[in-house]
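[1] Fold the stuff below for me.
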Amino acid sequence: MTLSSGNKLQRQLALGIALGMCAFSIHAQPVESASALNAQAIRAHAEFLSSDLLEGRATGSRGYELAAAYVAAQFRQSGLLPLGESYLQSVPLIEASVVLPGSAAALKRDGSTLNFEFSKDYLPSANFFSATSSLTAPLVFAGFGIDAPELNYNDLADLDLQGRIAIILNGAPDRFNAQARSYYGWRDTKYARLAKQGALGVIEIDTHEQKESPSFNSWDRAVAMSWVSEMRRVNSDEQPDEVFPELKLKFRFNTDAAALLFGNGHTLEQTLQAAKLGEPQGFALPGTMTLTATTGLRRVDSNNVVGMVRGSDARLQNEYVLVAAHLDQLGRGASVNGDNIYNGLQRNAVGVAMLLEMARSIAAMPRPRRSIVFAAVTAGEKGAQGLRHLLVSAPIASRKIVAGVVLDTPLPITRTSDVLATGADQSSIGAVLNEAAETLDLRVVNNNDTAYSLVGDSLAPLTRLDIPAIALQGGVRARNGRIDVRSLKREWSQTHRNQPSDDQHNLPLDAAAARELTALNVSTVLSLANATQRPTWSRSSLIHRKLAQD
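    Predicted coordinates for the structure are as follows:
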């Protein structure tokens, strides 16, 4: 898939025009309920947004802004109201790209220096505050970097991190339950504690090869994707919104290279065995480490697209249910099998297509009591920076948002009898979702994949602001029993996720499955918008309880 063919470009322009005509004819038909959702409209939106014409929708690119203009036009046509003068909300960003010749990692011990090799041994982070940064400090191994008092677990007990580089394992102990693994394995949780105890930098040991989750990234894949830049929103002080600036540099080492950092009677093999047993551990290591990174920095401006269905209730219309999807993907990048456009059909053109059909159908129904805000946000692949900006910079206060529904990689591969839900067990939204699912003959199953959790990029901005939220994904039990959905999902995650092959040719969209999942989202959102009481967190929600304490 390239843009080298003029005929292909003309065909794709024609497709865009045809989609606009299609959407108009759909809007002309009154919609009475979620059952009237149009599967082919979802397909049409998704195919256009993931076409080569938009060149992968990289944040701030021309292709992304074409996608944003398309979504804004659909919002206007559906009758949504802008939150301000425009459907477009400007998001100021800083883009940081690590410059290979300027990165280095060297260990000085016993009078000798061991130099590590970029990509073979380590991957550096970017520094959003300086184009050139270097850090030299002693090393401390800090286990998983976790202090979980209620679980009688503390890697950091009696450990001196002041002025040191902390070496940590990724993830969390296997003996932790899913909630605890999500919260304590979250990098923000770890970084907050390390920074509080005075660490200056972090080396994270990559142990993903030990994970069984289908969403894992191997070291080779991480290296192949190291060309992808990082971004942070620019805050009101015109500074990068970096959560932990105290941690000057954050590097990632593979296990072979990390093993060379150990000494004084400690080996990486021993520490990994202790980690498997769930034993807290922390100790100083000999020598000093020098980490160096050179970062290319540039200002980027992109747009969220935001529209609203105004609520009908005089008292409740100033409360909002937020429905959000990530509009961006990776754009043009490293070529794979001759293709350098990262189209992002499943991630996340499908999510935006579902959001557009939700907005169209709800806008055509009798107005709900609460207002519903629909947002196609930018920089989702950059740590959900667009969603973060929306929540702190929109004309509506975040405390007025009663619930969030995020359409992040919904993966409607085929019609299933179940749906995977993230966050449904953490708040009263779960009961609303279950009731809606029952009417569609669907069973709700908790999504225990830690890549999709309340502290994952998609939901963390909402969770941090005390907003109950959920994200739904197609299930694993096919209504057609001959289809192995787990295998299809695993193949997509390991082969096509964030790759040029994530397009309509390699894992085609099942429009009927997308429509059914959209119907469940519509029913849930309408129930939340019409409920007398706003959703509440479950008392058993460890993640909410811990974030409230932070």
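
[2] Tell me how far stretch 173-191 lies from the chain's centre.
    In this view, stretch 173-191 has its centroid 17 Å away from the chain centroid, taken as CA atoms, centre = their mean, to the nearest Å.

[3] Show me the contact partners of it.
    Applying CB atoms under 8 Å, 6 or more residues apart in numbering, the contact partners of stretch 173-191 are 144-146, 148, 151, 153, 168, 170-172, 202, 243-244, 247, 250, 275-276, 278, 446, 448, 450, 453-455, 460, 541-543, 546. C-beta: built from backbone N, CA, C; applies to glycine.

[4] who are the neighbours in contact with the residue minimising distance to the centre of the chain?
    For the chain, the residue nearest the mean C-alpha position is Asp457 (3.5 Å; CA atoms, centre = their mean). Counting by CB under 8 Å, 6+ apart, Asp457 touches Gly380, Gly383, Ala384.

[5] From Pro286, how far out is it?
    Counting by CB to CB, to the nearest Å, the separation of Asp457 from Pro286 is 37 Å.

[6] Now do the strands in the stretch 251-400 of the chain.
    Along the stretch 251-400 of the chain, the stretches classed as strands by DSSP state E, counting those that start in this stretch are 283-309, 320-326, 331-336, 339-342, 371-377.

[7] Dump those to JSON lines, plus distance to Gly185.
    Shown next, in JSON lines, are these (distance: least, CB to CB, whole Å):
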{"stretch": "strand 283-309", "distance to Gly185": "21"}
{"stretch": "strand 320-326", "distance to Gly185": "22"}
{"stretch": "strand 331-336", "distance to Gly185": "28"}
{"stretch": "strand 339-342", "distance to Gly185": "27"}
{"stretch": "strand 371-377", "distance to Gly185": "25"}
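
[8] Now mean pLDDT and mean neighbour count too, for those, in CSV please.
    Listed next are these as CSV, based on pLDDT from 0 to 100; neighbours: other CB atoms under 10 Å:
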stretch, mean pLDDT, mean neighbour count
strand 283-309, 96, 20
strand 320-326, 98, 28
strand 331-336, 93, 16
strand 339-342, 95, 21
strand 371-377, 98, 27
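
[9] which residues pair with Ile341 across the strands?
    Beta-bridge partners for Ile341, by DSSP bridges, are Arg332.

[10] Help me confirm that it comes into contact with Asp502.
    No - in this structure Ile341 lies outside contact range of Asp502 using CB atoms under 8 Å: 10.2 Å.

[11] The closest residue in space to Ala384 that isn't next to it in sequence: helix or strand, and which one exactly?
    Computed as CB to CB, 6 or more residues apart in numbering, the closest residue to Ala384 that is not its neighbour in sequence is Asp457, at 4.5 Å. For Asp457, there is no host helix or strand (DSSP states H and E).

[12] Distance-wise, check Asp457 relative to Lys382.
    Asp457 is 9 Å from Lys382, where distance means CB to CB.

[13] List just the nearest of the contacts of Asp457 to Glu238.
    Gly383 (19.1 Å; CB to CB).

[14] Contact partners for that closest one?
    Counted by CB under 8 Å, 6+ apart, Gly383 has contacts Glu230, Met231, Arg232, Asp457.

[15] Can you pull the phi/psi pair for it?
    Main-chain torsions, Gly383, degrees, to the nearest 10: phi 80, psi 30.

[16] per-residue pLDDT, it?
    The model reports Gly383 with a pLDDT of 92.

[17] again with the one 5 residues further on
    At Arg388, the predicted lDDT confidence score is 95.

[18] Could you report the distance from the nearest residue to it once chain neighbours are set aside to Arg369?
    For Arg388, ignoring the flanking residues on the chain, the nearest one in space by CB to CB, 6+ apart is Pro461 at 4.7 Å. For Pro461, the distance to Arg369 equals 25 Å [CB to CB].

[19] More neighbours: those two, which one.
    Comparing Pro461 with Arg369 by other CB atoms under 10 Å, the one with more neighbours is Pro461, at 25 against 17.

[20] Give the rounded mean pLDDT of the helix or strand hosting the more buried one.
    Under the criterion of DSSP H and E, Pro461 resides in helix 460-464. Across helix 460-464, pLDDT averages out at 91.

[21] counting contacts, what elements does that helix pack onto?
    Where contact means 3 or more CB pairs under 8 Å, 6 or more residues apart in numbering; DSSP states H and E, helix 460-464 is packed against helix 385-393, strand 401-407, helix 542-549.

[22] distance from the centroid: which residue in the protein tops it?
    Gly111 (44.1 Å).

[23] I'd like to know how far Asp256 sits from Glu117.
    Counting by CB to CB, the gap from Asp256 to Glu117 is 11 Å.

[24] isn't Asn530 right next to Pro368, touching?
    Yes - taking CB under 8 Å as the definition, Asn530 is a contact partner of Pro368 at 5.2 Å.

[25] Of those two, give the one with the bigger neighbour count.
    Pro368 (23 against 17).

[26] Spatially, what comes nearest to that one if we skip its sequence neighbours?
    Of all residues not flanking Pro368 in the chain, Ala529 sits nearest, at 3.7 Å (CB to CB, 6+ apart).

[27] Contact partners for the closest residue in space to Glu55 that isn't next to it in sequence?
    Taking CB to CB, 6+ apart, and ignoring the residues beside it in sequence, Glu55 has Gly63 as its nearest neighbour in space, at 3.7 Å. Shown in contact with Gly63 (CB under 8 Å, 6+ apart): Leu53, Leu54, Glu55, Gly56, Arg57, Gly331.

[28] top of these by neighbour count?
    Busiest of the contacts of Gly63 [other CB under 10 Å] is Arg57, holding 30 neighbours.

[29] before we move on, back to that, among the contacts of Gly63, which one sits closest to Leu465?
    Arg57 (26.3 Å).

[30] Quick one, grab the pLDDT at that closest one.
    98.

[31] I'd like the helices and strands packed on helix 460-464 laid out as JSON lines, including distance to Arg477 and mean neighbour count.
    As requested, these are exported to JSON lines (distance: least, CB to CB, whole Å; neighbours: other CB atoms under 10 Å):
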{"stretch": "helix 385-393", "distance to Arg477": "31", "mean neighbour count": "24"}
{"stretch": "strand 401-407", "distance to Arg477": "21", "mean neighbour count": "27"}
{"stretch": "helix 542-549", "distance to Arg477": "27", "mean neighbour count": "17"}
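
[32] Ok, which of these comes nearest Val305?
    Here helix 385-393 is closest among those (CB to CB), at 9.6 Å.

[33] Figure out how far the closest one is from the centre of its chain.
    14 Å.

[34] residues in contact with that helix?
    59, 89, 91, 93, 231-233, 241, 302, 304, 306, 324, 326-328, 375, 377-380, 398, 401, 458, 461-462, 465, 467.

[35] do that again at 7 Å, thanks
    Helix 385-393 is contacted from outside by 89, 91, 93, 231-233, 304, 306, 324, 375, 377-380, 398, 461, 465, using CB atoms under 7 Å, 6 or more residues apart in numbering.
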